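Asks: With the sequence up front, the predicted model follows.
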Amino acid sequence: MPADRLTRPDGPRPGTGIVHLGLGAFYRAFGCVYVTDAMQASGGDWGIVGVSLRSPDTRDALKPQDWAYMSVTLAPDGPQTRVIDVLNDVLVAPEDPEAVLSAMADPGVKIVSLTVTEKGYCHNPATGALNFDHADIQHDLTHDLPRSAPGFLVRALQRRHEAGLPPFTVLTCDNLPHNGALVRGVVLDLARRIDPALADWIAAEGRFPATMVDRITPATTDDDIAQVERLTGRHDTAPVMHEPFRQWAVQDDFVDGARPDLVAAGAQMVDDVTAFEDMKLRMLNGTHSALAYLGYLAGHETISDTVADPVFAAYVRQCWEEIMPAVAAPPGISLPDYADALFDRYANPAIRHRTWQIAMDGSQKLPQRLLGTLRENIAAGRESPALCLAVAGWMRYVAGTDETGGTIDVRDPLADLLRDTATDAAPGTVTALLSLEQIFPADLAAHLAAPVTEAASLLWSKSARAAAAEVTS
């Protein structure tokens, strides 16, 4: 007999105070949980309307459940489940952009948050500026009903301005350096082209706090759905699986101070997020990417599988040795202790975080996760053989063929360009890919040419595992 479908628990809904663009698994495992905890502690109307910017899949899975779902903590000693019911609705932007703008323009909405991934900001990763050649931005310049995340932000702020309402706070939750300043910049870039007076109002009245978010959230599988049903006796088509750890550092800069009681939920409200952001982007996201490319090439399906291999366990430790001199520790945090804690999180066998999943969109991730550290190490005269091998691993991966000759399903907004630019040989591939200035600024590329070519020659002539062993010997 099939299990009953999960439904929303009885009780009143909170009013909607947040619209979230990009309602994927991460935000449902992270932001929705924090907001739920904040309302349980201190009340407030902070219900969330989620927006899917591309696919109706999340809406279709959650609607029969009245937007409720299970949050599943994957602890080493066994999973723990919890029902999250903070969502009030889920909209699908391509189906009804007007509904999305109306929700964002509602006076009760105080925050619009985002997890749209690096590519969702339609910017140039090397410079941070809005890419006006992007097809969605071209559309949004001339249409009132937008397609892009920056377009929705600008057009919704335009409606609030025209209605005499204060702006909402724009709260980005994506892994980007100086993410608040970056989203502010792309919003103002677009707004200036549409209406300079609107841009001036946003610049004066808007708030774009920076954040650092951290919780490993693997993609949910059919096996996960079956496991949740066995654990709870309820069928949930959209559970989210995540590690026990979570951390949210938020710059406390909101329009009129309006926000949930995130402190009560365990968030760190700070004046400056930079140190938290750099530490996490470089030490966690940087090594996650390094392990994803080299681990995938070595035949490892997940991060936990990869670090269970003693060669890659030593390799990630070497990466941290190269990264830590370029990181200023936040107050009260020991970087070696943070690295030890990261290793324990990576090694958690309950977290099946696939190397292929982390490897997606590398052209957008490399500048933030690896290239900033490499630039600082070069300036300081520090060698970075493990990090250069990570860049070479990305190059081998995006060339589209693995070490056995099999085809790699490369998911990247520049996938076709990367594949066509790469060659069969290591030196040619390095030279060709380093010439892509949308990823590698020319001055940095010149400095990387020799060490990355050396790493790539090692990788192509031996194997990912052997190369990792050599740079840590």
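Replies: Cool, got the structure.

Asks: What average pLDDT does stretch 180-189 get?
Replies: On average, the pLDDT along stretch 180-189 is 97.

Asks: Oh, that last question was meant for stretch 5-14, not what I typed.
Replies: Stretch 5-14 comes out at a mean pLDDT of 92.

Asks: Would you mind measuring the gap between the ends of that stretch?
Replies: Stretch 5-14 has an end-to-end distance of 23 Å (C-alpha to C-alpha, to the nearest Å).

Asks: List the buried residues in it.
Replies: Within stretch 5-14, the residues that count as buried by 16 or more other C-beta atoms under 10 Å are 6, 14. Quick note: C-beta positions are derived from backbone N, CA and C, even for glycine.

Asks: in its sheet, what does the helix or strand hosting T73 sit against?
Replies: Assessed by DSSP states H and E, T73 sits inside strand 69-75. Paired neighbours of strand 69-75 in the sheet (DSSP bridges): strand 78-84 (antiparallel), strand 240-242 (parallel).

Asks: Domain ranges for this structure, per the record?
Replies: Following automatic domain parsing, the chain resolves into domains at 4-270, 274-471.

Asks: so where do the strands sit in the stretch 51-200 of the chain?
Replies: 69-75, 78-84, 87-92, 111-114, 169-172 (DSSP state E, counting those that start in this stretch).

Asks: that older thread, with respect to L165, which of the strands paired with strand 69-75 lies nearest?
Replies: strand 78-84 (29.3 Å; C-beta to C-beta).

Asks: Could you write out the alpha-carbon coordinates of that closest one in PDB?
Replies: The C-alpha coordinates for strand 78-84 follow below in PDB (Å, rounded to 0.1, in the frame of the first residue of the first chain):
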ATOM      1  CA  GLY A  78      21.900   8.300  10.700                       C
ATOM      2  CA  PRO A  79      19.500  10.700   9.000                       C
ATOM      3  CA  GLN A  80      17.100  13.100  10.900                       C
ATOM      4  CA  THR A  81      14.000  14.500   9.300                       C
ATOM      5  CA  ARG A  82      12.000  17.700   9.800                       C
ATOM      6  CA  VAL A  83       9.000  19.200   7.900                       C
ATOM      7  CA  ILE A  84       9.600  22.700   6.600                       C
END
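
Asks: chain center to it, what's the gap?
Replies: Between the centre of strand 78-84 and the centre of its chain there are 23 Å (C-alpha atoms, centre = their mean, to the nearest Å).

Asks: in that strand, what's buried?
Replies: Those would be 79, 83-84, for strand 78-84 by 16+ other C-beta under 10 Å.

Asks: Same question for stretch 204-211.
Replies: Residues of stretch 204-211 classed as buried: 206-211 (neighbour count, 16+ other C-beta under 10 Å).

Asks: Contacts for stretch 135-151, please.
Replies: With contacts defined as C-beta atoms under 8 Å, 6 or more residues apart in numbering, stretch 135-151 is touched by 21-22, 53, 93-94, 97-98, 101, 114, 116, 120-122, 130-132, 134, 152, 154-155, 183, 186-187, 189-190, 193-194.

Asks: where along the stretch 251-400 of the chain do the helices fall?
Replies: Applying DSSP state H, counting those that start in this stretch to the stretch 251-400 of the chain gives helices spanning 274-279, 286-297, 303-308, 310-323, 335-347, 355-358, 362-366, 372-380, 385-398.

Asks: shouldn't V270 be in contact with L262?
Replies: No. The pair V270 / L262 is not scored as a contact, 11.2 Å apart, by C-beta atoms under 8 Å.

Asks: shared neighbours, those two?
Replies: Listed as contacting both V270 and L262 by C-beta under 8 Å, 6+ apart are V250.

Asks: so which of the strands of the stretch 51-200 of the chain comes closest to M241?
Replies: Nearest to M241, of all the strands of the stretch 51-200 of the chain, is strand 69-75, at 4.9 Å by C-beta to C-beta.

Asks: Report the distance from that closest one to the chain centre.
Replies: Strand 69-75 has its C-alpha centroid displaced from the chain centroid by 19 Å (C-alpha atoms, centre = their mean).

Asks: contacting residues around it?
Replies: Contacts of strand 69-75 (C-beta under 8 Å, 6+ apart): 6, 28-29, 32-33, 62, 79-84, 87, 224, 228, 232, 234, 236, 238-244, 348, 350-351.

Asks: buried sites along that strand?
Replies: Buried residues in strand 69-75, counted by 16+ other C-beta under 10 Å: 69-74.

Asks: Could you export that strand as CSV, CA atoms only?
Replies: Extracted C-alpha coordinates of strand 69-75, given in CSV (Å, rounded to 0.1, in the frame of the first residue of the first chain):
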residue,chain,number,x,y,z
TYR,A,69,8.8,19.3,2.3
MET,A,70,11.2,17.3,4.4
SER,A,71,14.6,18.7,5.4
VAL,A,72,16.9,15.7,6.0
THR,A,73,20.1,16.0,8.0
LEU,A,74,22.6,13.4,6.9
ALA,A,75,24.5,12.8,10.1
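
Asks: before we move on, back to that, and the strand holding T73 with strand 87-92, angle?
Replies: Interaxial angle, strand 69-75 versus strand 87-92 (axes from the mean of the first three to the mean of the last three C-alpha atoms, to 10 degrees): 100 degrees.

Asks: Return the alpha-carbon coordinates of stretch 106-126 using CSV.
Replies: Taking Å, rounded to 0.1, in the frame of the first residue of the first chain, the C-alpha atoms of stretch 106-126 are listed here in CSV:
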residue,chain,number,x,y,z
ASP,A,106,4.0,43.8,-2.9
PRO,A,107,4.4,46.2,0.0
GLY,A,108,4.6,43.3,2.5
VAL,A,109,7.7,42.0,0.8
LYS,A,110,10.8,43.3,2.6
ILE,A,111,13.5,41.1,1.1
VAL,A,112,14.2,39.5,-2.3
SER,A,113,16.9,36.8,-1.9
LEU,A,114,18.7,34.9,-4.6
THR,A,115,20.4,31.6,-5.2
VAL,A,116,20.8,31.7,-9.0
THR,A,117,24.4,30.4,-9.2
GLU,A,118,27.3,32.3,-10.6
LYS,A,119,26.0,32.3,-14.1
GLY,A,120,22.6,33.7,-13.1
TYR,A,121,23.9,37.2,-12.6
CYS,A,122,24.7,37.5,-16.3
HIS,A,123,28.1,39.1,-15.5
ASN,A,124,31.6,38.7,-16.7
PRO,A,125,33.3,36.6,-14.1
ALA,A,126,36.7,38.1,-14.7
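
Asks: Understood, closing this out.
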